[in-house]
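Trainee: A structural model of the following input is requested.
(2 chains)
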Number of protein chains: 2
Amino acid sequence: MSVPAKIETWQMIEPGKLMRTSIDVPDLKAGEVLVEVAGCGVCHTDVGYFYDGVPTVTKPPLTLGHEIAGRVVAGVEGLIGKEVIIPAVLPCNNCPICASGRGNRCLKQAMPGNSLGIYGGFASHIPVPAEDLCVVHDRKGLPLEFLAVVADAITSPYQAAKRANIQDGDIVVITGATGGLGVYMTQIAASMGAKEVIAIARNKEKLERSLEFGATHTISTQDKSIKDVRDEFRAYSKSKKLPSYGIKIFECTGTKIGQEISLELLTFVSKLLIVGFGTSKSEFMFSRLMAFDAEVIGTWGCPPKYYPEVLQLVLDEKIKVAPFVDIRPMSQIEDAFKASHAGNLMKRIVLTPDF
Amino acid sequence: MSVPAKIETWQMIEPGKLMRTSIDVPDLKAGEVLVEVAGCGVCHTDVGYFYDGVPTVTKPPLTLGHEIAGRVVAGVEGLIGKEVIIPAVLPCNNCPICASGRGNRCLKQAMPGNSLGIYGGFASHIPVPAEDLCVVHDRKGLPLEFLAVVADAITSPYQAAKRANIQDGDIVVITGATGGLGVYMTQIAASMGAKEVIAIARNKEKLERSLEFGATHTISTQDKSIKDVRDEFRAYSKSKKLPSYGIKIFECTGTKIGQEISLELLTFVSKLLIVGFGTSKSEFMFSRLMAFDAEVIGTWGCPPKYYPEVLQLVLDEKIKVAPFVDIRPMSQIEDAFKASHAGNLMKRIVLTPDF
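Mentor: Numbers count the residues shown, from 1 in each chain, chains lettered A, B, ... in the order given. Predicted coordinates:
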C-alpha cells in the first residue's frame, strides 16, 4: 500500500477509442483520498458514453468507470488502509437538493468516470472525496472486487425500491429482470417482502435463472407483441387472484419495448419506476396517469446513506452478487466493452487492474 | 323541504341528446340521503361524455353532473335540513385502496352523473350515500349554489397540490391556468405559500385576470411554439434568479399542447401533476425522468377528507369562487353544454334547477 508515481489508466481519448496511458497523481485536497482500485464494473452507462453518443460531463480524454471498490492509500488519515466502495454519485452535501434528502440528484455531484474531472475507475488509482465512501469492515471472505457492483448496479435498484416503498405483500413487475440492474432488482424486491416478483425479459435461459434469485414468475417477450405480454401478465394475475391495482413496476431495460410494456401494465394506484436509461421515445396518453391516479417516477443513482444497508444485504447473502459477476483483467477492457455493448452477457464484467 | 313525488331531470338519453324527464324517487337505503340540488356545475368531463365519446360507467340514459351542492331532504335523520357539498367521487370506504388513504381512486367508488346508477346533478334531487358528505355549517352569505364548484373544480386541484406537497417558497407552473381547474390551481398554490405561480395559457385577457388570483407571472402560448414557451419560461426564471430544479408543474388542460409544454419544462427533482383529462397521446423520452430524478403524478378526484379544508379556504376567501361562477337556470342546459364545449367561457357555469 503506497502512493504511486503515476496513475495507470485506460482512457477514452474520444468516443469509441481507448488508450493505455499514465496520468499524474493529483495533489489531494482536504477531505480527499486516493483509492487503489480493486475492481471496476462495466456498466451500460459506460458503453453508452463509448459507443452511443451519450455525452460525458468532462469532455474526453477521460477515464470511464463508476462502479468501484478499492483500498484507501493516501489522504484522510483515519481512512488509510480501509477497504471502501465509492458511490457512483457523490453529492456536494451543501446545497438545497442535498438538504432535501435528494443528494442522489445533486447538481454539483461528482460521478467518477463522468464528472469527477478526468478520473474514473478503469485505472490503478482514483482520487475521490472521502465524505461519502462506504467503508467495508468485514467482507466475510468475498473478494473486494466483487463489491464494486454495489456502486450503481445494486444501489440504483435499491434506491428505486425505496422510492416505490416496496412493502410486505406487494406485487412487483420488473422489465429487463435478467439484465445488469434487473438481476439485483428481483433480489431486492424479494428481500423487501414482495409477494410476487414477476420477471419480464426476452432470454428464457436467463429468466429461468431469475427464479433462483427472487423472481416468482417469468414472462418471456420473445416473439410476442406488447399486448401478448400484457395478456399473459393479466392471465397470470387472474390465475393467482392477484389484485389488479397497486402494482409496482420497475423498468430496468432503458429500451423502447421495455418502457412500452411497463406503461401498458400500469393500472390504478400503481407506480412505474424508470431505472434503466436509454434515448428512445415512446407515445403515451398521459391522462391515463390521471384516470389511474398513478405515477411514473424516474430514479437516478442512490444517496450514499443507503450504501451501508445495501452492503449488509450483500454480506448477509440476501442479495447474491457472485453468480452475476465475471472478473476479468483490465487489459481486456476493449473486449469487455464490446461484449457489454452486444448485450448478451450472463454476468456483469468487473475489471481488475493489471497494469 | 319535502320529499317530491318524482325527480325532475335533464337526462342524457344518448351521447349528444338531452331530454327533460321525470324519474322515480328511489327507496333510500340505510346511510343514504336525498339531496335537493341547489346547483350543479358543468364540468369538462360532462362535456367529454356528451360530445367526445368518453364512455360513462352507467350506460345512458342517465343524468350527468357531479359538482353538486344542495340540501338534505330525506334519509339519515341527523342530516335532514343540512346544506351539503357532495364529493364528486364517493369512495366505498371498505377496500384496501380506501384503507391505504387513496379513496379518491377506490375502484368501487360512485361518481354522481357517471357511476351512481342513473342519478346525477342536473336534476331537482339526487340520492347519495351520506357518509362522506361535506356539511356546510355557515356559508357566510355565499349562495349555496356557488359552493357546487368545491366538488371537483376546486378539490381536484387541491388534491394535486397535496400530492405535490406544495411548500412555502415553491416554484409552481400551471398549464391551463385560466381554465376551469386552473383558476383554482393558481389560488390554491398561492394559498399554500408558493413563491412563484407562473400561469401558462393562451387567452391574454384571462391571463391578465389570473394575476389577481394567485398568479405572479403569465406566459401566453398564443402563436408560440413549445420551445418558445420554454425559452420564455427560462428567461423569466433567470431574470428572477429562480432555481432551475424542484419545479412543481400542474397540467390542467388535458390537451396535447398543454402536456407537451409541461413535459418540456420538467427538470431536476421536479414533479409534473396531471390534473386535466384528455385523450391525446404525446411522445416522450421516459429516461429523462430517470436523468432528472423527476416524477409524473396522475391525480384523480379528491378524498372526501379534504373537502372541509377546501370549504374553509373558500369561506375565508383564500380561494375566491364568485368571480369564476356563472349561475344559470337548468333549463338552459343545452346552451350551457355547447358553450362549455366551445371552451371560451370566462366563468364556469353552474345550473340551478328550474323545473
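
Trainee: Domain map for chain A?
Mentor: For chain A, the structural domains run A:6-152+A:302-352, A:155-298, going by automatic domain parsing.

Trainee: Would you map the helices across chain A?
Mentor: Secondary structure of chain A by DSSP state H: the helices cover A:44-51, A:96-99, A:155-164, A:182-191, A:204-210, A:226-239, A:256-265, A:287-292, A:307-315, A:333-342.

Trainee: neighbours of the residue of the stretch 51-200 of chain A found nearest chain B, just the number please.
Mentor: Proximity of the stretch 51-200 of chain A to chain B (CB to the nearest CB) peaks at residue A:105, 3.6 Å away. The way it works is simple: take the backbone N, C-alpha and C, and place the C-beta from them, glycine included. Look at residue A:105: counted by other CB atoms under 10 Å in any protein chain shown, it has 24 neighbours.

Trainee: tell me the contacts of it?
Mentor: Shown in contact with residue A:105 (CB atoms under 8 Å, 6 or more residues apart in numbering or on different chains): A:97, A:300-301, B:245, B:268-269, B:292-293.

Trainee: tell me the most buried of the domains of chain A?
Mentor: Neighbour counts (mean count of other CB atoms under 10 Å in any protein chain shown) averaged over each of these peak at domain A:155-298, with a mean of 21.

Trainee: Would you tell me whether stretch A:249-268 gets close to chain B?
Mentor: Yes - judged by CB under 8 Å from any CB of the partner chain, stretch A:249-268 comes into contact with chain B through A:251, A:254, A:259, A:263, A:268.

Trainee: dump the residue contacts of the last one.
Mentor: Contact partners of residue A:268, counting by CB under 8 Å, 6+ apart, are A:244-246, A:292-294, B:97, B:105, B:107.

Trainee: now the fourth one
Mentor: For residue A:263, the residues meeting the contact criterion (CB under 8 Å, 6+ apart) are A:272, A:282, A:284, B:286.

Trainee: Out of these, list just those in strands.
Mentor: A:272, A:282, A:284 (DSSP state E).

Trainee: if we look at chain B, which of those are close to it?
Mentor: Answer for the ones in strands among the contacts of residue A:263 near chain B (CB under 8 Å from any CB): A:282, A:284.

Trainee: how much space is there between the most centrally placed residue in chain A and residue B:114?
Mentor: Centroid-nearest residue in chain A: residue A:153, 2.5 Å away (criterion: CA atoms, centre = their mean). Applying CB to CB, to the nearest Å, the value for residue A:153 to residue B:114 is 47 Å.

Trainee: can you check residue A:332 too?
Mentor: For residue A:332, the distance to residue B:114 (CB to CB) stands at 63 Å.

Trainee: Could you do residue A:151 as well?
Mentor: 50 Å.

Trainee: before we move on, what about residue A:350?
Mentor: Distance from residue A:350 to residue B:114, by CB to CB: 56 Å.

Trainee: Residue A:175 is in contact with residue A:253, correct?
Mentor: Yes - judged on CB atoms under 8 Å, residue A:253 makes contact with residue A:175 at a distance of 5.6 Å.

Trainee: Enumerate every residue touching the nearest residue to residue A:268 once chain neighbours are set aside.
Mentor: Of all residues not flanking residue A:268 in the chain, residue A:245 sits nearest, at 3.9 Å (CB to CB, 6 or more residues apart in numbering or on different chains). Counting by CB under 8 Å, 6+ apart, residue A:245 makes contact with A:267-270, B:97, B:107.

Trainee: out of those, who's nearest residue A:146?
Mentor: residue A:270 (34.6 Å; CB to CB).

Trainee: Show the backbone phi and psi for that closest one.
Mentor: Note on residue A:270: backbone dihedrals following degrees, to the nearest 10 are phi -100, psi 170.

Trainee: List the contacts of it.
Mentor: Residue A:270 touches A:245-249, A:292, A:294-295, counting by CB under 8 Å, 6+ apart.

Trainee: swap in residue A:195?
Mentor: Here residue A:195 is in contact with A:168-171, A:216 (CB under 8 Å, 6+ apart).

Trainee: what's the answer for residue A:32, then?
Mentor: Residue A:32 neighbours (CB under 8 Å, 6+ apart): A:75-76, A:127-130.

Trainee: quick revisit: check what pLDDT the residue nearest to residue A:268 gets.
Mentor: At residue A:245, the model reports a pLDDT of 97.
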